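A.B. asks: Okay, sequence plus prediction incoming.
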Amino acid sequence: MPLFNGNANVLATAVYPGDVIPLFNAETLTAPATSTVISLGGAAPFGIHQVSFQVQFASSPTASVAIFGSNIAPTSSGPTDGVAVGTAVTTQSAVVTTTAIFEFYWAVLASQSGGGALSVIAYVS
């Protein structure tokens, strides 16, 4: 998925239980960078019990990736009122899982030195 683009026709991508969707897809980024936003769709928040995010760098980085959730829809300026639900710091691979269900989620690459391309994959269940 591309970086968040406030000029796009769709500010968030709807996801449902069983979906697997990339927020960053093996992308070489410059920090800070905000991913595309996912929305738990019409089932939220009652039909979804957790969302897991697989954070993966091509090699060991010095980096910080935060996963945010919010019940406020993103605007063309970007997602707002985010609550950090987890962070992956200086690790090549990590999983962030949340049961604190929000309607919207996104990832932010806060800082990076090395590590190469970044993937953040959301698993909705």
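C.D. replies: Sure, I can see it.
A.B. asks: Any regions of the protein where pLDDT drops low?
C.D. replies: Within the chain, the stretches falling below the threshold (pLDDT under 70) are 1-9, 41-49.
A.B. asks: Could you list the buried residues of stretch 64-73?
C.D. replies: For stretch 64-73, the buried set under the neighbour-count rule, 16 or more other CB atoms under 10 Å, comprises 64, 65, 66, 67, 68, 69, 70. (C-beta placed from N, C-alpha, C; glycine too.)
A.B. asks: where's residue 109, which helix or strand?
C.D. replies: Assessed by DSSP states H and E, residue 109 sits inside strand 104-113.
A.B. asks: List the contacts of that strand.
C.D. replies: Under the contact criterion CB atoms under 8 Å, 6 or more residues apart in numbering, strand 104-113 has outside partners 4, 12, 23-24, 29, 31-40, 51, 53, 55, 61-74, 79, 82, 85, 118, 120, 122.
A.B. asks: among the residues you listed, which ones are buried?
C.D. replies: So, of the contacts of strand 104-113, 4, 12, 23-24, 33-40, 51, 53, 55, 61, 63-70, 74, 79, 82, 85, 118, 120, 122 end up buried under the neighbour-count rule (16+ other CB under 10 Å).
A.B. asks: Pipe the buried residues of stretch 64-73 into JSON lines and attach distance to residue 97 and secondary structure per row.
C.D. replies: JSON lines is the format used below for the buried residues of stretch 64-73 (distance: CB to CB, whole Å; DSSP: H, G, I helix; E, B strand; the rest coil):
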{"residue": "64", "distance to residue 97": "18", "secondary structure": "strand"}
{"residue": "65", "distance to residue 97": "14", "secondary structure": "strand"}
{"residue": "66", "distance to residue 97": "14", "secondary structure": "strand"}
{"residue": "67", "distance to residue 97": "10", "secondary structure": "strand"}
{"residue": "68", "distance to residue 97": "14", "secondary structure": "strand"}
{"residue": "69", "distance to residue 97": "12", "secondary structure": "strand"}
{"residue": "70", "distance to residue 97": "18", "secondary structure": "strand"}
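A.B. asks: and the closest residue to residue 61 other than its chain neighbours, how many residues sit next to it?
C.D. replies: When the adjacent residues along the chain are set aside, residue 61 lies closest to residue 115, with 2.3 Å between them (CB to CB, 6 or more residues apart in numbering). Counted by other CB atoms under 10 Å, the residues lying close to residue 115 total 20.
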